[in-house]
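Trainee: sequence and computational prediction follow.
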Amino acid sequence: MERIKTDDERKLERAIGLKAIATTAQHMQNTGSDPIEIRTFIGGARKKLAEVAPDPEMYSKALEAAVKYKELGKSKN
């Protein structure tokens, strides 16, 4: 059975992932990669990181925004 991670462990895991993305993007830039290719890499890597090490705070904010958006749609009818 997998142990539940603490908030600090999740934040550390996410910080390590973000640092790895930044380091790789910097290496890509230094080796002459196209800016669009770098941007595409960063976007994809961040999405993958969100799947592997989700941020509960960001999830809560996104959920709140979705609920408010739905409420706005209902009030217009």
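Mentor: Done, it's in. What you see is a predicted model; the values in this text were computed from it and never measured.

Trainee: by contact count, what packs against whichever strand or helix holds I16?
Mentor: Using DSSP states H and E, the element containing I16 is helix 7-30. Helix 7-30 sits against helix 35-52, with contacts defined as 3 or more Cβ pairs under 8 Å, 6 or more residues apart in numbering; DSSP states H and E. Every residue, glycine included, has its C-beta placed from N, CA and C.

Trainee: the helix or strand just after the helix it packs on to helix 7-30, inter-axis angle?
Mentor: Counting by DSSP H and E, the next helix or strand C-terminal to helix 35-52 is helix 56-76. Between the axis of helix 56-76 and that of helix 7-30 there is an angle of 90 degrees, by axes from the mean of the first three to the mean of the last three Cα atoms, to 10 degrees.

Trainee: what sits up against helix 56-76?
Mentor: Helix 56-76 is contacted by residues 7, 10, 50 when judged by Cβ atoms under 8 Å, 6 or more residues apart in numbering.

Trainee: surely the second one and A53 touch.
Mentor: Yes: the pair formed by R10 and A53 meets the contact definition of Cβ atoms under 8 Å, at 6.2 Å.

Trainee: which one's more surrounded, those two?
Mentor: Set R10 next to A53 and count neighbours by other Cβ atoms under 10 Å: A53 wins out with 18 against 15.

Trainee: what is the burial count for E37?
Mentor: Number of residues near E37 (other Cβ under 10 Å) recorded here: 12.

Trainee: ok, it - contacts?
Mentor: E37 touches M28, counting by Cβ under 8 Å, 6+ apart.

Trainee: please save the CA atoms from the helix holding I16 in PDB.
Mentor: Taking Å, rounded to 0.1, in the frame of the first residue of the first chain, the C-alpha atoms of helix 7-30 are listed here in PDB:
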ATOM      1  CA  ASP A   7       2.000  18.700   1.900                       C
ATOM      2  CA  ASP A   8       5.700  19.400   2.400                       C
ATOM      3  CA  GLU A   9       6.700  16.300   0.500                       C
ATOM      4  CA  ARG A  10       4.300  17.200  -2.400                       C
ATOM      5  CA  LYS A  11       5.700  20.700  -2.500                       C
ATOM      6  CA  LEU A  12       9.300  19.500  -2.500                       C
ATOM      7  CA  GLU A  13       8.600  17.000  -5.300                       C
ATOM      8  CA  ARG A  14       6.900  19.700  -7.400                       C
ATOM      9  CA  ALA A  15       9.800  22.100  -6.700                       C
ATOM     10  CA  ILE A  16      12.300  19.500  -7.900                       C
ATOM     11  CA  GLY A  17      10.300  18.900 -11.000                       C
ATOM     12  CA  LEU A  18      10.000  22.600 -11.800                       C
ATOM     13  CA  LYS A  19      13.800  23.000 -11.300                       C
ATOM     14  CA  ALA A  20      14.400  20.100 -13.700                       C
ATOM     15  CA  ILE A  21      12.200  21.700 -16.300                       C
ATOM     16  CA  ALA A  22      14.000  25.000 -15.900                       C
ATOM     17  CA  THR A  23      17.400  23.400 -16.100                       C
ATOM     18  CA  THR A  24      16.400  21.500 -19.300                       C
ATOM     19  CA  ALA A  25      14.900  24.500 -20.900                       C
ATOM     20  CA  GLN A  26      18.100  26.500 -20.100                       C
ATOM     21  CA  HIS A  27      20.200  23.800 -21.700                       C
ATOM     22  CA  MET A  28      18.000  23.700 -24.800                       C
ATOM     23  CA  GLN A  29      18.400  27.500 -25.100                       C
ATOM     24  CA  ASN A  30      22.200  27.300 -24.700                       C
END
